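**Q** take this sequence and fold it.
(chains A and B, ligands or ions: 3)
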Amino acid sequence: MAYETIIEDDIDILVAGAGLGGTGAAWEARYWGKDKKIVIAEKANIDRSGAVAQGLYAINCYMGTRWGENNPEDHVRYARIDLMGMVREDLAFDMARHVDSTVHQFEDWGLPIMKDPNTGSYLREGRWQIMIHGESYKPIVAEAAKKSADKIFNRVCITHLLMDEAKENRIAGAVGFNVRTGNYHVFKSKTVICGAGGASNIFKPRSVGEGSGRVWYAPWSSGSAYALMINAGAKMTQMENRIVLARFKDGYGPVGAYFLHLKTYTQNGLGEEYESKWFPELQKMVGKEYLDPEASHATHRPIPTCLRNHAFISEVNAGRGPIHMITMEAFQDPHLEEVGWENFLGMTVGQTVLWAATDVDPKFENPELTTSEPYVMGSHATGSGAWCSGPEDLSPPEYFWGYNRMMTIEGLFGAGDAVGGTPHAFSSGSFTEGRLSAKAACKYIDDGKGEGIKVSDKQIADFKEEIYKPMEHYKLYRNEIVAGSVNPHYINPRQALDRLQKIMDEYGGGVTVNYMTNEKLLNIGLKKLKIMEEDLESLAAEDIHELLRAWELKHRHRTSECVLQHTLFRKETRWPGYYYRGDHMKLDDENWHVLTVSRRDPKTGEYTLEKAPLYHLVGEEEEAMEDKALAEKKKQEKKSK
Amino acid sequence: MPTFVYMTRCDGCGHCVDICPSDIMHIDKTTRRAYNIEPNMCWECFSCVKACPHHAIDVRGYADFAPLGHSVRVDRDEERGTIAWKVKFRNGSEKNFLSPITTKPWGTGYPKFSDEAEPSKEMRDGELLYSEPKYIRMDEGELHTLESNGLKMKAGVYY
Ligand SMILES: Cc1cc2nc3c(=O)[nH]c(=O)nc-3n(C[C@H](O)[C@H](O)[C@H](O)COP(=O)(O)OP(=O)(O)OC[C@H]3O[C@@H](n4cnc5c(N)ncnc54)[C@H](O)[C@@H]3O)c2cc1C
Ligand code: SF4
Ligand code: SF4
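**A** Ligands and ions are numbered 1, 2, ... in the order given. Model (predicted):
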């Protein structure tokens, strides 16, 4: 192979993937490590890479302690109820207590944050969200990372993490290839901060053909963070916790500002409010503790996102679709109308394109909503990702092993979608997690924990061979056929992606089966993924661009396998509206009020799954509730005696 | 098709190739002009559209659900710190929007870590990040801890 091998040696901190989490890590690392060598490897261009490439119109995680608005524990309680209890509350509290300092820095750097003209504080969209003119959000945070990093390798797709050969279970860097030159890149590093983002396009999308890039999470979110960590043998958590989004139909324009700021609301096809109708039945599935519309009405307690989805899905299945967003009232106010449009132009331009193309002016016509295909990520209303250590001053022993945000592999840290159990971090929280892991990584290095890493030439050579195999395979067999893409010896990345999406959709609970799965289906799905893994050895790439798609596909495949393993393990329906285990349709706190933790053995490919205890932040409020519940229980026991 | 390039406007400068997060804007070898090589992996994110100095790139909504006859044009100006949008509907009506994209001249708002004092050992061993505690509340308030907020971490079922 003619491609050069380029080795970057003696790195202290390698940031693998620089979206919001990675840029935060690179920026903060310089403060704690003035003398350290900080390097970024990113598969796109950090100025417009990741989920925030087109900008954002809101920062969805901001406490406002400065204005006495919320405390970190309020946010944790909110995330807890929204995720049906399943949150790493140490990590969530830690992110929340630092996130405001991140946002205040963004403002210093030039990010336009809207102000409330009456109070002078940031303009709130909802309790946690503040509104921004964020078209340039990504270039602004990328600039900060550029100021800190020694070197930035744009267009280098990381394919594998390097493991140390001097010490068991320790990281030693990463390898990948440049998607333009084709060159092979080796990064030897004492620590790696993985910020390679979440996973779109692993379940079959609703859009077909040309529109299949029109997914909610960016099509370049290839599950790389998960596959890199899983393949290296890191423990993962909550991978079953995929997310389904209720969004504007086809364009997937966000609804947050519409609900919270514009005060629009939804109706079924008959013009009726439908949501609350489903709650009594749903309450029987999940229990009053998780769904208490009266309490929610009286307080800030949210109705969990998944349960609102459930009502949406059920109403459509009952034949009373489509669900509409009632915009015609709010949009009579010219200011609100402007906010409604700019909201899309700032973060989902495709929705504007769609409305222009279909002559939908929400001032005169209420647009349709839909529920999306599932996504796997860890920073929105879901918490899939790696099992990480928490900070020393917050975490119970099961959650703490030395360095904040370090995974179960020494020297491997993460941020954003890569970190498990931390939903509702969003952009600002992901950046904050990057900062936290950078500080911890510097400490790890200063403590001498990264000394003497060893990477043999063999490890480097083996990965090189593996990386370019799809191109070799293509060369070997393409002349056996006249032309076209049908070949008995190989499949191309697009063909393989279609197969993956079909398996995940039909067996793992995608849109065509109304998010339903069960043990039998999951086992078939896993079997098909195993066979597919054999075919991935026969993946063919015609050029370097297709090689990028081949590796994205391999990463998506590994992520999918882990998702099915976790879904099989959790024998309950914890999040109706995200997915259903048809064989266990109820939420089961007695057996499943736990976090799921998996590890794939890199040598055998076998998964082991375990339950990890859930610790909750408990204040006076919760203790009082606990006392009440205990008293209730005693009373019941007395009665039954 | 998501993005496409007007033949007469493109000069092959490669800005769009450099920025596309999906790696799908490439230069055609024969015409030496840019085109979208993989429309079904385009997010309509407009990064390339904004980056093109000649406004040569346009977007035509995805064929599987967007009828023809619309346009969404954009002009992003870093110097002025603004972005302007023009939305044309299929029926010919039009909407215009203008927003700020930054409050400062590009790249000027960042502190230099080389000018900052080296963090003390206490800082390194503690929980504070750069600029904290000041930047948390913009006053002298300290970092929130379990103790300061009257909290415990307890295993079990709490709602
Ligand atoms: C449509 C939409 C609307 C949203 N709205 C909001 C909002 O209003 N407010 C808010 O706060 N948050 C919002 N979010 C969420 C926010 O964008 C994410 O929470 C955040 O970007 C996650 O950060 P991350 O660093 O984990 O991932 P990303 O920012 O996606 O970064 C991942 C990075 O890794 C790179 N990468 C991937 N694979 C590889 C590889 N193999 N090798 C090298 N590099 C790789 C990618 O190119 C990318 O740069 C929204 C997201 C979307 C998609
Ligand atoms: S709109 Fe975005 S994804 Fe599509 S070609 Fe342009 S930069 Fe690439
Ligand atoms: S940025 Fe514009 S002019 Fe330059 S190559 Fe791309 S389309 Fe052509």
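
**Q** which of the three states applies to residue 87?
**A** Went with chain A since none was named. coil (DSSP: H, G, I helix; E, B strand; the rest coil).

**Q** nope, chain B
**A** Classification of B:V87 by three-state DSSP places it in strand.

**Q** same check, this time on A:K190
**A** Quick answer, by three-state DSSP: A:K190 is strand.

**Q** and it, what does it touch?
**A** When contacts are counted by Cβ atoms under 8 Å, 6 or more residues apart in numbering or on different chains, A:K190 is found next to A:11-13, A:411, A:444-445, A:449-451, A:453. For every residue, glycine as well, the C-beta is placed using N, CA and C.

**Q** 10 Å instead, please
**A** When contacts are counted by Cβ atoms under 10 Å, 6 or more residues apart in numbering or on different chains, A:K190 touches A:10-14, A:36-37, A:164, A:170-173, A:411, A:441, A:444-445, A:448-453.

**Q** check A:R214 too.
**A** Counting by Cβ under 10 Å, 6+ apart, A:R214 touches A:205-207, A:250-252, A:348, A:350-351, A:353-354, B:2, B:40, B:42-44, B:61-62, B:64-66.

**Q** which of those residues count as buried?
**A** Burial by neighbour count, judged by 16 or more other Cβ atoms under 10 Å in any protein chain shown, picks out A:205-207, A:250-252, A:348, A:350-351, A:353-354, B:2, B:40, B:42-44, B:61-62, B:65-66 from the contacts of A:R214.

**Q** ok, and which of those reach ligand 3?
**A** Taking Cβ under 6 Å from any ligand atom as the test, ligand 3 is in contact with none of those.

**Q** out of the residues you listed, which are inside strands?
**A** With DSSP state E as the criterion, strands contain none of the buried ones among the contacts of A:R214.

**Q** residue boundaries of the strands in the stretch 151-300 of chain A?
**A** All strands of the stretch 151-300 of chain A, identified by DSSP state E, counting those that start in this stretch, fall at A:151-153, A:156-163, A:171-178, A:184-194, A:236-237, A:246-248, A:265-267.

**Q** how about a markdown table for the ones you listed, with distance to ligand 1 added?
**A** Formatted as a markdown table, those follow (distance: least, Cβ to the nearest ligand atom, whole Å):
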| stretch | distance to ligand 1 |
| --- | --- |
| strand A:151-153 | 9 |
| strand A:156-163 | 4 |
| strand A:171-178 | 6 |
| strand A:184-194 | 9 |
| strand A:236-237 | 15 |
| strand A:246-248 | 9 |
| strand A:265-267 | 19 |
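
**Q** between those, which gets nearest to ligand 2?
**A** When the strands of the stretch 151-300 of chain A are compared by Cβ to the nearest ligand atom, strand A:156-163 sits nearest ligand 2, at 15.9 Å.

**Q** mind checking if that closest one is in reach of chain B?
**A** Yes. Using Cβ under 10 Å from any Cβ of the partner chain, we find that strand A:156-163 touches chain B at A:C157.

**Q** how many neighbours does A:P254 have?
**A** Neighbours of A:P254 under the rule other Cβ atoms under 10 Å in any protein chain shown: 22.

**Q** quick one: residues contacting A:S296.
**A** A:81, A:279, A:302-304.

**Q** just the buried ones out of those, please.
**A** Neighbour-count burial (16+ other Cβ under 10 Å) applied to these gives A:81, A:279, A:302-304.

**Q** number of nearby residues for the closest residue to A:Y403 other than its chain neighbours?
**A** Spatially, and ignoring its direct neighbours in sequence, A:Y403 is nearest to A:A440 (4.3 Å; Cβ to Cβ, 6 or more residues apart in numbering or on different chains). A:A440 is flanked by 23 other residues according to other Cβ under 10 Å.

**Q** where does A:A440 sit relative to ligand 3, distance-wise?
**A** To ligand 3, A:A440 is 40 Å away according to Cβ to the nearest ligand atom, to the nearest Å.

**Q** go on, A:K571?
**A** Distance, A:K571 to ligand 3, by Cβ to the nearest ligand atom: 53 Å.

**Q** go ahead and confirm that residue touches A:E590.
**A** No. Judged on Cβ atoms under 10 Å, A:K571 makes no contact with A:E590 at a distance of 11.6 Å.

**Q** looking at these two, which is more packed in?
**A** Per other Cβ under 10 Å, whichever of A:K571 and A:E590 has more neighbours is A:K571, with 13 against 7.

**Q** contacts only, for the more buried one.
**A** By Cβ under 10 Å, 6+ apart, the residues touching A:K571 are A:519, A:581, A:583-584, A:588, A:591-592.

**Q** spatially central residue for chain B, please.
**A** When Cα atoms, centre = their mean is applied to chain B, the residue found nearest the centroid is B:S47 (7.7 Å).

**Q** check contacts around A:E626.
**A** A:618, B:154, B:156-159.

**Q** number of residues surrounding residue 89?
**A** Because you didn't say which chain, this covers chain A. By the criterion of other Cβ under 10 Å, A:E89 has 30 neighbours.

**Q** oops, wrong one, chain B.
**A** Neighbours of B:F89 using other Cβ under 10 Å come to 18.

**Q** wait, it touches A:D361, no?
**A** Yes. Look at B:F89 against A:D361 with Cβ under 10 Å: they come within range, at 7.2 Å.

**Q** and the stretch 451-600 of chain A, which of its residues are near ligand 3?
**A** Proximity of the stretch 451-600 of chain A to ligand 3 (Cβ under 6 Å from any ligand atom) involves no residue at all.

**Q** shaky segments in the stretch 451-600 of chain A?
**A** For the stretch 451-600 of chain A, applying pLDDT under 70 flags no range at all.

**Q** give me the pLDDT for residue 46.
**A** Chain wasn't specified; assuming chain A. On pLDDT, A:I46 comes in at 98.

**Q** meant chain B, my bad for not saying
**A** If you check B:F46, the pLDDT there is 97.

**Q** tell me how far it lies from ligand 2.
**A** Distance, B:F46 to ligand 2, using Cβ to the nearest ligand atom: 5 Å.

**Q** can you count the residues close to the residue lying closest to that residue once chain neighbours are set aside?
**A** Excluding the flanking residues, the one nearest B:F46 by Cβ to Cβ, 6+ apart is A:V349, at 4.9 Å. Residues near A:V349, counting by other Cβ under 10 Å, number 27.

**Q** wouldn't A:V349 be in contact with A:G251 here?
**A** Yes. The pair A:V349 / A:G251 is scored as a contact, 9.0 Å apart, by Cβ under 10 Å.

**Q** now for these two: what residues contact both?
**A** Taking Cβ under 10 Å, 6+ apart as the contact rule, A:V349 and A:G251 both touch B:E44.

**Q** show me the contacts for A:E552.
**A** Neighbouring residues of A:E552 by Cβ under 10 Å, 6+ apart: A:43, A:157, A:159, A:199, A:201, A:219-224, A:227, A:493, A:497, B:41.

**Q** what about residue 45, how many residues nearby?
**A** All of this refers to chain A. By the measure other Cβ under 10 Å, the count of residues near A:N45 is 22.

**Q** not what I meant, chain B
**A** When neighbours are defined as other Cβ under 10 Å, B:C45 has 28 of them.

**Q** excluding chain neighbours, give the residue nearest to it in space.
**A** Closest residue to B:C45 apart from its sequence neighbours, by Cβ to Cβ, 6+ apart: A:Q54 at 4.0 Å.

**Q** who touches that neighbour in this structure?
**A** By Cβ under 10 Å, 6+ apart, the contact set of A:Q54 is A:48, A:134-135, A:137-138, A:218, A:344-350, B:21, B:43-47, B:50.
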